[in-house]
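A.B. asks: no sequence for this one, just the structure:
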């Protein structure tokens, strides 16, 4: 068994090396490296199941346009799975980390513009593991790729695009409307929704923003909608509101970051302010070059990546995310003097780069780690607190630093000051609660309850800061808060968007088999989202159980 494990690990390592060579070939436009890497990877996959995952190779082939080759690989894999007695080869759940061969195939068809074939595959393939596109939305979080990662087009978006392209606009519209409400940060979904919904787009974007006040994407696309129709003033108002929510836009993947700044540059040009527009255009150039550097750096070309990060700052030096990324990477490479300069600038830029829900850009998560970073951050943040005592962000950042230093009592003081100044500072409430878990920084039961209720008020869907209600003492107030949130943000109707016909028949047959075996299928598969929410609090769980029992 040990020998088998060793062979497997060795094979996996060889596969990853081959894929890295191919990826470097793609990035540097070295066709021979791309060819050699993909050839070796394909042979390794054919000779043995390296976790049975062809996804990385297929994704690379799709990126470089080798669609026929990707299709051949996928069909071979599907044939192997269909011939296997192993259920894992025949019934694929919709999981972002374990994408099925069917999903790979629809992505190939989508890239090739084969919309009719895509719809046929959705309706006639029995192995989707779900019976409706809505189930895929329910089962998955937002599909954005991380920085430097390969973007993967989700099946629900492909379904909507393919249905629209084949003239089935009503079905496409139904999917994309649900998609942007379920995945409100997904730009590609908003773009399609704007194309398909016409004037109804305004109410759709308003509905999405009402569900989540810290998600800026509905505002950005609503600004785009108004700008396209000549309403420059309204577009500018919405764009600046979006930027204030998340100035650094760190959670977005490659190609989508800083979209609001691109819209704002267009607005300023229309207003005749080309000089200011050029600043935002420079910021966009810097971000796009840094995104290329992310890929180069992740592929192992460290020196080249650092040079590209430096070059990106010549377009816009005030990009906190690039300054901090470069600082971390210079420190890791041993250039402490160079790192210090970029740490200094990154920390100075942080207060204006964070919103009430900050999102760290790629490579910035550990920006306070190390003695040099901590020393510089200490100096910068203490100076900012003295100069801007009424700025909640500088108190938040000082608290963040104190947490990194394991000075929890001091961190708690800073977070409490941040929420005193700005009671809507969601991340400060979240950090305050998490810091209070330390024995050095306890909160009273009343203080802890208040922080939890503030989080429930600010983020009723729990997308940004899920509230831990398990320790709430005021059960009556908790019940009221959860009831009010259920009214404010009702559950989305996602169950019946587009039926996967053959998969539904397959699922019905499987259910019949379970019932024949004595399994109570309805009971084991039913659940209430609100019940799951209640279940983390013992008292409410008991009450919810009584209610759910009465409903049956």
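C.D. replies: Received the coordinates, thanks. Computed from a predicted structure; not experimentally measured. Numbering: from 1, shown residues only.

A.B. asks: and the residue lying closest to residue 65 once chain neighbours are set aside, what pLDDT?
C.D. replies: In space, and not counting its chain neighbours, residue 65 is closest to residue 111: 7.9 Å by Cβ to Cβ, 6 or more residues apart in numbering. To be clear about C-beta, it is placed using only N, CA and C from the backbone, and glycine gets the same treatment. Residue 111 is assigned a predicted lDDT (pLDDT) of 97.

A.B. asks: isn't residue 111 up against residue 67?
C.D. replies: Yes - checked against Cβ atoms under 8 Å, the pair residue 111 and residue 67 is within contact range at 6.0 Å.

A.B. asks: which other helices and strands does the helix ranked longest in the chain contact?
C.D. replies: In the chain, with assignment by DSSP state H, the single longest helix is helix 2-28. For helix 2-28, the packing partners by 3 or more Cβ pairs under 8 Å, 6 or more residues apart in numbering; DSSP states H and E come out as helix 31-47, helix 55-63, helix 274-298.

A.B. asks: next, the buried residues of that helix.
C.D. replies: Buried residues in helix 2-28, counted by 16 or more other Cβ atoms under 10 Å: 11, 15, 18, 19, 20, 21, 22, 23, 24, 25, 26, 27.

A.B. asks: repeat that for stretch 320-339.
C.D. replies: Applying 16+ other Cβ under 10 Å to stretch 320-339 flags 320-331, 335, 338-339 as buried.

A.B. asks: how about residues contacting the helix or strand hosting residue 323?
C.D. replies: In this assignment (DSSP states H and E), residue 323 forms part of helix 320-333. By Cβ atoms under 8 Å, 6 or more residues apart in numbering, the list of residues contacting helix 320-333 from outside reads 248, 250, 286-287, 290, 297, 302, 305-306, 309-310, 312-313, 317, 336, 338-343, 345-346, 349-350, 352-353, 361-364, 366-367, 370, 372-373.

A.B. asks: tell me the angle of that helix relative to helix 274-298?
C.D. replies: Here helix 320-333 points in a direction 30 degrees away from that of helix 274-298 (axes from the mean of the first three to the mean of the last three Cα atoms, to 10 degrees).

A.B. asks: for the record, mean pLDDT for helix 320-333?
C.D. replies: 93.

A.B. asks: now it: how far from the chain's centre is it?
C.D. replies: 22 Å (Cα atoms, centre = their mean, to the nearest Å).

A.B. asks: state the next helix or strand along the chain beyond that helix.
C.D. replies: helix 336-353.

A.B. asks: would you mark the buried spots in that following helix?
C.D. replies: Buried residues in helix 336-353 (16+ other Cβ under 10 Å): 338-340, 342-351, 353.

A.B. asks: now render the helices and strands packed on helix 2-28 as CSV, adding mean pLDDT, mean neighbour count and distance to residue 261.
C.D. replies: Formatted as CSV, those follow (pLDDT from 0 to 100; neighbours: other Cβ atoms under 10 Å; distance: least, Cβ to Cβ, whole Å):
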stretch, mean pLDDT, mean neighbour count, distance to residue 261
helix 31-47, 95, 17, 33
helix 55-63, 95, 21, 26
helix 274-298, 96, 19, 5
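
A.B. asks: any chance of the ones you listed in a markdown table, plus distance to residue 127?
C.D. replies: Formatted as a markdown table, these follow (distance: least, Cβ to Cβ, whole Å):
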| stretch | distance to residue 127 |
| --- | --- |
| helix 31-47 | 20 |
| helix 55-63 | 16 |
| helix 274-298 | 33 |
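
A.B. asks: out of the ones you listed, flag the one nearest residue 165.
C.D. replies: Each of those has some distance to residue 165 by Cβ to Cβ; the shortest is helix 55-63, at 18.2 Å.

A.B. asks: which strands and helices lie in contact with the closest one?
C.D. replies: By 3+ Cβ pairs under 8 Å, 6+ apart, helix 55-63 packs against helix 2-28, helix 31-47, helix 67-83, helix 101-111.

A.B. asks: please redo it, this time with the cut-off set to 6 Å
C.D. replies: Under the contact criterion of 3 or more Cβ pairs under 6 Å, 6 or more residues apart in numbering; DSSP states H and E, helix 55-63 touches helix 67-83.

A.B. asks: distance from stretch 11-18 to the middle of the chain?
C.D. replies: Counting by Cα atoms, centre = their mean, stretch 11-18 comes out at 27 Å from the chain centroid.

A.B. asks: typed the wrong thing, it's stretch 444-462
C.D. replies: On Cα atoms, centre = their mean, the centre of stretch 444-462 falls 24 Å from that of its chain.

A.B. asks: for stretch 491-511, same thing?
C.D. replies: The answer for stretch 491-511 is 26 Å, by Cα atoms, centre = their mean.

A.B. asks: buried residues, it. List them.
C.D. replies: 492, 494, 497, 498, 500, 502, 503, 504, 506, 507.
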